[in-house]
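would you be able to build a 3D model of this:
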Amino acid sequence: MRKGWSDVALGELLTPRTEVCAIIPEGQYHEVTVGLWGKGVRLRRKVAGSEIASLSRNVARTGDFIISKIDARNGAYGFIPPHLDGGVVTNDFPLFSVVEGRADPRWIYWTSRSRFFIDLCRASSEGTTNRVRLKESKFAQVRIPLPPRAEQRRLAAHLDVIESRLTRAHVLREEQEQELQAALRSAFHRLEAHAEWKPMSTVAPLVRREVEVDPDRSYPELGIRSFGRGTFHKPSVLGIDTTKRLFEIHSGDLVFNNVFAWEGAVAVARPEDHGRLGSHRFITCVCDSARVFPQFLHFYFLTRDGLEKLGKASPGGAGRNRTLGIEKLSSITVPLPSVAKQAEFKRLLDLQAKVRAETATASQQTDALLPSLLDRIFSA
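The predicted model follows:
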């Protein structure tokens, strides 16, 4: 332990606080809950008193420390923010006040953000697999390192500044992404306005590469996320364990998940996707390289107009009852500017991909910074 720091039981720093209110059927209440892994305290729902089963609830106040008995071991705790003052909670969410004169609330906040604190909550939880709960008596007895008040304030202020800067960096990255996406949409619409329109059947026809399934062979599958979020690799499946037909996907294919194409389950297969398999529900189209880039068509199908056409080509009810028809897809007309203009647009898409990759790397590094600092503080 660092010089001058004390080893203190949590019960000396956090005092249980109870403020019970009677639930009036005609009243309106804000139910409070807590996200996992430090995601914060949030509004669960606004609800009429007549919809609350119990006759009373505990009232949360700004600055209370709240913890979930069920998910404390999964980082479900935090401080009640001002906009949730007066919200109600069940007994599964005990509330605590920070003891004045012993601990700075921001120091308790940063302590709770550490892996060290999660380990304490796990050690304070008991029960079988599906009934593990925080034992408040054990929680009160666990001990944490406590620096002098001046040191608490200094360290908390330092961490607050870092958190503020990281939040600002995250906001700037989001703004950069939005600006780049807006520039792409603008450039696309300028090309679209002067383009020819051709059916998919002539510029990117369906291509099927069915494989003969060997019961003893393993087949790596491909998945497509909705809302234009690209491909992902699914676990391999043994031939003996599958009854579905499998089709090979090649790099550069324009791939549609025919169940969710209407909500943007469209992607261009990447080099690392080459040779993976999809079921009959994956429609693969191969672009005529002399006329169109798959990335250009992919962008089009994620525009409002493109999604609307996919929706009309996917008749049926909601969810899995809406299936993209192969013939209907083939008849969809798409914009076809010159290949040179498409190449210019693809360079913008490549730039966006590069920026996104750099942003993802930077985000991983910044996301790891605070946990690393907290580990250093509580492992010393």
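
low-confidence regions, the stretch 201-350 of the chain specifically.
Within the stretch 201-350 of the chain, the stretches with pLDDT under 70 are 317-321.

swap the cut-off to 50 and go again
Filtered on pLDDT under 50, the stretch 201-350 of the chain yields no residues whatsoever.

just the helices from it, written as ranges.
294-301, 304-312, 326-331, 339-379 (DSSP state H, counting those that start in this stretch).

tell me what angle the second one forms with helix 294-301.
I take that to be helix 304-312. Helix 304-312 and helix 294-301 are oriented at 80 degrees to each other (axes from the mean of the first three to the mean of the last three C-alpha atoms, to 10 degrees).

number the chain from 17, please
Done: numbering now begins at 17, and the last item shifts to helix 320-328.

ok, and what's touching helix 320-328?
Here helix 320-328 makes contact (C-beta atoms under 8 Å, 6 or more residues apart in numbering) with 272, 277-280, 282, 316-317, 338, 340, 344-345, 348, 350. C-beta here means a position set from N, CA and C on the backbone, and glycine is covered the same way.

by neighbours, which of these wins?
Counting neighbours by other C-beta atoms under 10 Å, Val282 comes out on top of the contacts of helix 320-328 with 30 neighbours.

hmm, Leu270 and it touching each other?
Yes. With contact defined as C-beta atoms under 8 Å, Val282 reaches Leu270; the gap is 7.3 Å.

any common contacting residues for these two?
Counting by C-beta under 8 Å, 6+ apart, the shared contacts of Val282 and Leu270 are His314.

about what we covered before: so which of the helices of the stretch 217-366 of the chain is the most surrounded?
helix 310-317 (a mean of 22; mean count of other C-beta atoms under 10 Å).

what residues of stretch 115-126 count as buried?
Within stretch 115-126, the residues scored as buried using 16 or more other C-beta atoms under 10 Å are Arg118, Ala119, Asp120, Arg122, Trp123, Ile124, Tyr125, Trp126.

next, format the contacts of helix 320-328 as CSV and append distance to Thr218.
Converted to CSV, the contacts of helix 320-328 look like this (distance: C-beta to C-beta, whole Å):
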residue, distance to Thr218
Phe272, 17
Ala277, 20
Trp278, 23
Glu279, 26
Gly280, 24
Val282, 19
Tyr316, 15
Phe317, 16
Arg338, 26
Leu340, 19
Lys344, 15
Leu345, 13
Ile348, 11
Val350, 10
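
closest to Asp176 out of those?
Gly280 (38.8 Å; C-beta to C-beta).

from Glu208, how far out is that closest one?
Remark: distance between Gly280 and Glu208 (C-beta to C-beta, to the nearest Å) = 18 Å.

Lys214 sits in which helix or strand?
strand 212-215 (DSSP states H and E).

just to revisit the earlier point, of the buried residues of stretch 115-126, which is the nearest to Ser140?
Ile124 (15.7 Å).

was I right about that closest one contacting Leu26?
No. Look at Ile124 against Leu26 with C-beta under 8 Å: they stay out of range, at 9.1 Å.

OK, contacts around Leu262?
Glu226, Val227, Val229, Tyr235, Glu237, Leu293, Gly294, Ser295.

many thanks, have a good one.
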